[in-house]
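# Provided below are the primary sequence and the corresponding predicted coordinates.
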Amino acid sequence: MYWARQWSKAVTNASSRKGWDLFSNHDFAHWYDVQLKHSNYPGALLEIIKSRLSKETSLLDIGAGTGAFAVPMARVVNKVTAVEPSLAMAKILLGKMNGQGNIHVVNQCWEDIKADEMGSHDMVLAVNSLYRITDIVSALKKMIALSRKHLFIIMSCKSSFYNDIWHAFKKEAYSGPPSFLNLYNVLCQLHIFANIEMVKIKYNHVCADMDQAVNYWQTRLNLGLEQENSLRAYLGEKLIAKNGALFFAEQVSNAVIWVEK
Ligand SMILES: C[S@@+](CC[C@H](N)C(=O)[O-])C[C@H]1O[C@@H](n2cnc3c(N)ncnc32)[C@H](O)[C@@H]1O
């Protein structure tokens, strides 16, 4: 089996590719950041990364999003370069910097970045940000070429909440993005035998109230108004009221894959 081809097929067929481009949407970016604030994310994942950092480390965070890793790591190291193609996500990241000037944001997709213009970094990190890249071999080779000491790739395993709600309302199986196993096998076929550790994180799906939850999932799943009542009933069974908000808590396993040079 040629694993890079499998990866490319999974990217192309992923259910999440149907409909709108989530990360470029301001409402979704805000939603994403709220979910993180109520979850133990990046939690233990951040500690693993931090243990490899010192003040002198230069760090490249690919798909930095709203800064879950880039922002706390900028307090530890002198320089962080955050590659983030979505202006909506980058805007939230920049808003968290509070005058801290050591994060440089590059508003581009990883595939479009020229290796010689980016330059090398002690650590290259990509957390849940490779799922839309069809040519994974070129993307990985560039990451390896630009990492002087460590390359870390973190990929979450599937969320049962998302899987189930998709199945219930789209009446088709949810086709997930490529998995960490696929990535690991691509690395093996490049003769790179990486380390791997599985880490569980408690993840909360949160919304202020039922109207917000219905509105969000109706948009995200691209559902017609005729499905509103059944969506409300479904969410009513799943979400639990706590501290003035609605929650669904789940444990998500994350694969931490790393290569030391
Ligand atoms: C699930 S978020 C993860 C954000 C952050 N790493 C975290 O752990 O919270 C994925 C991020 O990857 C970015 N992204 C998507 N495709 C990308 C690409 N081809 N190159 C770089 N970043 C990409 C998205 O814009 C989004 O901000």
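Now that the structure is in, tell me what you want to look at. Residues are numbered from 1 along each chain as shown.
# can you tell me which residues contact the closest residue to the ligand within the stretch 151-261 of the chain?
Distances between the stretch 151-261 of the chain and the ligand by CB to the nearest ligand atom are smallest at residue 154, namely 7.3 Å. C-betas here are computed from N, CA, C, even on glycine. The contact partners of residue 154, by CB atoms under 8 Å, 6 or more residues apart in numbering, come to 45, 125, 126, 127, 128, 254, 255, 256, 257.
# Any idea what it is bridged to?
With DSSP bridges applied, residue 154 shows beta-bridge pairing to residue 127, residue 256.
# For this structure, which residues score under the pLDDT cut-off?
Filtered on pLDDT under 70, the chain yields the residue ranges 18-20.
# Pull up the residues of the stretch 51-200 of the chain that are close to the ligand.
Residues of the stretch 51-200 of the chain lying near the ligand by CB under 6 Å from any ligand atom: 62-65, 68-69, 83-86, 89, 109-111, 127-129, 132-133.
# Throw together a ChimeraX command that grabs the buried residues out of those.
Selection of buried members from these for ChimeraX, criterion 16 or more other CB atoms under 10 Å:
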select :62,63,64,65,68,69,83,84,85,86,89,109,110,127,129,132,133
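# Now go through the residues of the stretch 51-200 of the chain next to the ligand and say which are in strands.
Judged by DSSP state E, those include 62, 83, 127 as members of strands.
# Which parts of the stretch 101-250 of the chain are helices?
For the stretch 101-250 of the chain, the helices defined by DSSP state H, counting those that start in this stretch occupy 115-118, 136-146, 160-170, 180-189, 210-220, 228-238.
# Need those helices in JSON lines (columns: mean neighbour count).
Shown next, in JSON lines, are the helices of the stretch 101-250 of the chain (neighbours: other CB atoms under 10 Å):
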{"stretch": "helix 115-118", "mean neighbour count": "12"}
{"stretch": "helix 136-146", "mean neighbour count": "18"}
{"stretch": "helix 160-170", "mean neighbour count": "16"}
{"stretch": "helix 180-189", "mean neighbour count": "18"}
{"stretch": "helix 210-220", "mean neighbour count": "17"}
{"stretch": "helix 228-238", "mean neighbour count": "14"}
